[in-house]
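1. missing the sequence, but the structure's below:
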């Protein structure tokens with residue numbers, strides 16, 4: 001308790017460090033003057049042999065030393081880090097002040113002051129000033145060792161949230177070089193109290209006052225169970241300080257096995273401020289448990305998360321269908337570790353290969369298919385890759401859907417995108433055409449009495465997916481900038497990968513054949529605001545990391561849409577999902593006619609030819625700029 005009280009006292013006087021430093025230095029200069037007389041004249045004469053004006057000389061020297069120390073910025077040094085560099089500055093200050101003082105005394109013909117005292121006084125001052133600083137450092141490190149078990153102070157933190165999670169986090173980090181100065185909490189009952197021996201300093205909005213007052217280096221937001229709006233408010237307040245902000249794992253991460261003291265940086269999903277979607281867990285389990293589930297594009301950003309979500313509900317067999325050998329290996333290794341009881345079938349396959357799809361579906365008889373295989377990077381697909389994009393995203397969808405219908409799959413879910421609405425890019429147009437394929441297959445199933453239900457799920461950008469702006473921003477911030485944004489007004493819908501995957505699984509349960517379900521993406525986010533938040537919460541300022549605007553890329557929109565103007569929506573039983581009712585009969589016929597008769601004739605077409613085909617197939621739905 002003594003050491004905690006001492007730490008609290010030192011923390012409280014920290015804002016007055018420079019003034020106290022000068023005051024103590026002045027006292028030591030005066031004490032060194034007395035010690036120099038004692039050393040030179042001995043006990044018998046150290047008082048009696050002084051001239052009558054000695055006190056005035058001493059006061060003048062004290063003022064001179066204080067002035068030199070201030071000019072050399074010595075009081076700005078932090079005593080707890082004192083070392084050889086600080087001693088060198090003190091030596092320089094004492095040499096300058098001693099030389100000037102001795103010169104002025106001699107020029108004033110004050111012969112009563114012994115020359116030896118004038119010569120030795122700077123040395124005594126240096127010893128006293130250096131010993132005081134080094135002694136303070138020794139005391140401080142001993143205090144740190146008694147409080148945290150380590151004499152090394154690497155982080156000095158304020159914790160926002162004095163609840164159970166905060167207490168567990170503090171208990172876990174206090175022996176890792178962290179010094180937790182205090183709590184901030186809005187609960188009136190906790191004000192002016194101590195939690196786990198650490199004082200509650202005030203409310204959350206006072207963080208901008210307490211952070212500089214206590215020399216804080218890091219802020220920890222420890223509110224995993226708080227409402228989304230409260231967590232977002234705490235992050236906003238913390239971000240205003242310009243310090244590095246960390247957080248404890250959220251509830252979802254804690255459920256997956258992360259420990260509450262495993263602090264992490266703020267992720268973009270923490271900034272979304274979205275309430276968690278409530279799913280029909282019982283309905284999902286009934287739909288998936290004991291079934292054979294096949295996921296195309298199983299190693300991609302969405303496909304791999306779908307694998308994780310599906311595995312939670314105990315499928316009889318999970319078939320991983322992926323073109324990339326590396327991606328397939330990585331997701332297979334992860335699933336084997338996390339879900340060792342789930343049988344896995346790992347297949348390297350290409351959705352453009354109809355015969356291989358037919359063989360796979362016929363042999364393993366999947367009951368539920370999530371079709372996530374797609375090329376999705378808009379600018380990359382726009383130039384020199386348009387034909388590859390069209391073949392993979394549209395023809396590949398047709399092949400997978402055809403194989404599913406032939407083998408009697410129960411449900412086939414296409415992962416679509418907001419870029420399919422009023423598309424301005426080849427990628428978006430290819431996904432709109434894929435939606436039309438699903439619509440056609442659903443109509444054909446009804447005509448022929450097939451059991452397969454075909455549906456599509458449309459959503460916007462997912463945070464952290466490959467090719468998204470978030471990993472790019474992180475890399476640019478880590479390198480010191482600049483952070484590049486295409487346009488100051490560009491906006492996007494964002495959703496976390498796990499949230500999107502969960503809603504896709506939910507859509508598979510409640511969706512009916514021929515439907516396009518639209519995920520509730522919340523409010524669109526300005527990309528430049530997201531970039532600023534990421535810079536701010538990394539502890540860097542915009543004066544350190546600049547934001548540069550590079551201009552819109554080929555096929556890129558200023559804003560995305562989840563519904564075309566002519567579409568209508570209907571609510572569903574899940575709050576995060578809406579049903580889009582589309583009038584697509586003409587476009588559907590055009591797309592299917594091309595797939596059945598003209599796709600092979602297109603061959604290795606150039607970008608211009610592919611855009612011409614898409615204009616003919618989609619008409620006004622494909623932007624006239626192409």
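-> Yes, it's here. All of these numbers come straight from a predicted model, not from anything done at the bench. Numbering: from 1, shown residues only.

2. mind listing what the closest residue to residue 531 other than its chain neighbours touches?
-> Leaving out its chain neighbours, the residue that sits closest to residue 531 by C-beta to C-beta, 6 or more residues apart in numbering is residue 483, at 4.9 Å. C-beta: built from backbone N, CA, C; applies to glycine. The contact partners of residue 483, by C-beta atoms under 8 Å, 6 or more residues apart in numbering, come to 473, 476, 477, 531, 534, 535, 545, 546, 547, 548.

3. Tell me the one of those residues nearest residue 350?
-> Checking the contacts of residue 483 against residue 350 by C-beta to C-beta gives residue 473 as the nearest, at 32.2 Å.

4. quick one: contacts for residue 426?
-> With contact set as C-beta under 8 Å, 6+ apart, residue 426 has these partners: 381, 382, 386, 389, 390, 555, 607, 610, 611, 614, 626.

5. Those residues into a markdown table, with extra columns for neighbour count and secondary structure?
-> What follows is those, written out as a markdown table (neighbours: other C-beta atoms under 10 Å; DSSP: H, G, I helix; E, B strand; the rest coil):
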| residue | neighbour count | secondary structure |
| --- | --- | --- |
| 381 | 28 | helix |
| 382 | 22 | helix |
| 386 | 26 | helix |
| 389 | 26 | helix |
| 390 | 28 | helix |
| 555 | 23 | coil |
| 607 | 18 | helix |
| 610 | 23 | helix |
| 611 | 20 | helix |
| 614 | 27 | helix |
| 626 | 19 | coil |
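
6. ok, those residues vs residue 211, which is closest?
-> So of those, ranked by how close each gets to residue 211 (C-beta to C-beta), first place is residue 555, at 44.4 Å.

7. returning to what we had before: and the contacts of residue 426, which is the shakiest by pLDDT?
-> The member of these with the lowest pLDDT is residue 626, at 47.

8. Residue 372 reaches residue 294, doesn't it?
-> No - between residue 372 and residue 294 there is no contact under C-beta atoms under 8 Å: 10.7 Å.

9. burial of residue 45, as a residue count?
-> Using other C-beta atoms under 10 Å, residue 45 is surrounded by 12 other residues.

10. contacting residues for it?
-> By C-beta under 8 Å, 6+ apart, no residues touch residue 45.

11. residues near residue 202, how many?
-> Using other C-beta under 10 Å, residue 202 has 18 neighbouring residues.

12. Next, the contact list for it, please.
-> Contacts of residue 202 by C-beta under 8 Å, 6+ apart are 184, 191, 209, 210.

13. mind redoing it with 7 Å?
-> Neighbouring residues of residue 202 by C-beta atoms under 7 Å, 6 or more residues apart in numbering: 184, 210.

14. Report pLDDT for it.
-> 86.

15. Now the phi/psi pair for it, please.
-> Backbone torsions of residue 202, given as degrees, to the nearest 10, read phi 170, psi -160.

16. Tell me the spacing between it and residue 194.
-> From residue 202 across to residue 194, the span is 14 Å (C-beta to C-beta, to the nearest Å).

17. How about residue 108?
-> For residue 108, the distance to residue 194 equals 58 Å [C-beta to C-beta].

18. just residue 169 next, same as before
-> Distance from residue 169 to residue 194, by C-beta to C-beta: 17 Å.

19. And those two? Which one has more around it.
-> Neighbours per residue, other C-beta under 10 Å: of residue 169 and residue 194, the larger number sits with residue 169, 28 against 13.

20. Assign a three-state SS to residue 313, would you?
-> Three-state secondary structure (criterion: DSSP: H, G, I helix; E, B strand; the rest coil) places residue 313 in coil.

21. That one is in contact with residue 285, isn't it?
-> Yes - counting by C-beta atoms under 7 Å, residue 313 does reach residue 285; the two are 4.9 Å apart.

22. of the two, who's got more company?
-> Taking other C-beta under 10 Å, residue 313 and residue 285 do not tie; residue 313 has more neighbours (18 against 14).

23. Name the nearest residue to the more buried one, ignoring sequence neighbours.
-> Leaving out its chain neighbours, the residue that sits closest to residue 313 by C-beta to C-beta, 6+ apart is residue 288, at 4.1 Å.

24. That neighbour: how many residues sit nearby?
-> 24.

25. which residues touch it?
-> 310, 313, 315, 368.

26. which of those residues sit farthest apart?
-> Checking these with C-beta to C-beta, the most distant pair is 313 and 368, at 10.5 Å.

27. What separation do you get for residue 66 and residue 60?
-> The spacing between residue 66 and residue 60, counted by C-beta to C-beta, is 11 Å.

28. Stretch 143-156: end-to-end distance?
-> 14 Å (C-alpha to C-alpha, to the nearest Å).

29. Please look at residue 317 and residue 347 and confirm they touch.
-> No - using C-beta under 7 Å, residue 317 is not in contact with residue 347, being 11.7 Å away.

30. which phi and psi does the residue nearest to residue 313 have?
-> phi -100, psi -40.

31. Look at it and report its pLDDT.
-> 91.

32. Could you measure from the residue nearest to residue 531 over to residue 535?
-> Distance, residue 483 to residue 535, by C-beta to C-beta: 7 Å.

33. Are there residues contacting both of those two? Which ones?
-> 477, 545.

34. hang on, the earlier thing: now the buried members of the contacts of residue 483.
-> 473, 476, 477, 531, 534, 535, 545, 547 (16 or more other C-beta atoms under 10 Å).

35. buried ones in stretch 446-461?
-> Quick answer for stretch 446-461 (16+ other C-beta under 10 Å): 450, 452, 453, 454, 455, 456, 457, 458, 459, 460, 461.

36. which among the residues you listed gets closest to residue 13?
-> Nearest to residue 13 among the buried residues of stretch 446-461, with distances taken as C-beta to C-beta, is residue 461, at 49.8 Å.

37. Can you verify my assumption that the closest one contacts residue 492?
-> Yes - Residue 461 lies in contact with residue 492 (C-beta under 7 Å); the separation is 5.0 Å.

38. quick check: domain ranges of the chain?
-> 2-147, 155-266, 281-461+494-521+561-621 (automatic domain parsing).

39. So which of those domains is the most surrounded?
-> Most buried of the domains of the chain by mean neighbour count (mean count of other C-beta atoms under 10 Å) is domain 281-461+494-521+561-621; its value is a mean of 20.

40. Next, please give the residue ranges for the strands of the stretch 301-450 of the chain.
-> Assigned by DSSP state E, counting those that start in this stretch, the strands in the stretch 301-450 of the chain fall at 317-322, 344-348, 368-371, 411-417.

41. which strands and helices sit next to the second one?
-> Of the remaining helices and strands, those touching strand 344-348 by 3 or more C-beta pairs under 7 Å, 6 or more residues apart in numbering; DSSP states H and E are strand 317-322, helix 325-338.

42. Quick one: closest of those to residue 86.
-> helix 325-338 (51.0 Å).

43. quick one: which two of the contacts of residue 483 are the most distant?
-> Spatially, the most separated pair among these is 534 and 548, at 14.8 Å (C-beta to C-beta).

44. quick one: low-confidence parts of the stretch 201-350 of the chain?
-> The stretch 201-350 of the chain contains residues with pLDDT under 70 at 250-261, 268-269, 271-279.
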